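Novice: with the sequence up front, the predicted model follows.
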Amino acid sequence: MRTVTDFPHEIEVIENTFIPLRDGQQVAARIWRPVDAEQQPVPAVLEYIPYRKRDSSRGRDTQNHPYIAGHGYACVRVDLRGSGDSDGVMVDEYRPQE
């Protein structure tokens, strides 16, 4: 398998950042984005699933998300509340609140 590493946009990876929630909790996210995304906003692809961003899906994320970001999108991989590096307790994978 060939890994593509040459993209139209240079990218940066933010390994871990926190997104505040209305109830005071925070969810953890890993972000891939074009380096100029703060000055030139880009659309985002949000992945919000119950599999921790540092575990088994990390290899897949490391291949897929840089490709998308390299083509002008931000990719945001979020740990659900109570999983991975996020605050809270996970009582169900897909609560209506999520």
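Specialist: Cool, the structure landed.
Novice: from here on, contacts and neighbour counts on C-alpha atoms
Specialist: Will do.
Novice: now do the strands in this structure.
Specialist: In the chain, strands defined by DSSP state E lie at 11-20, 26-34, 44-49, 74-79, listed in chain order.
Novice: of all the ones you listed, which one is nearest residue 66?
Specialist: Closest approach to residue 66 among these (Cα to Cα): strand 26-34, 6.2 Å.
Novice: returning to what we had before: now render the strands of the chain as a markdown table, adding mean pLDDT and mean neighbour count.
Specialist: Output for these, formatted as a markdown table (pLDDT from 0 to 100; neighbours: other Cα atoms under 10 Å):
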| stretch | mean pLDDT | mean neighbour count |
| --- | --- | --- |
| strand 11-20 | 95 | 15 |
| strand 26-34 | 94 | 23 |
| strand 44-49 | 88 | 16 |
| strand 74-79 | 93 | 24 |
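Novice: between the ones you listed, which gets nearest to residue 86?
Specialist: Closest to residue 86 of these, according to Cα to Cα: strand 26-34, at 4.2 Å.
Novice: distance from that closest one to the middle of the chain?
Specialist: Put simply, strand 26-34 sits 4 Å off its chain's centre (Cα atoms, centre = their mean, to the nearest Å).
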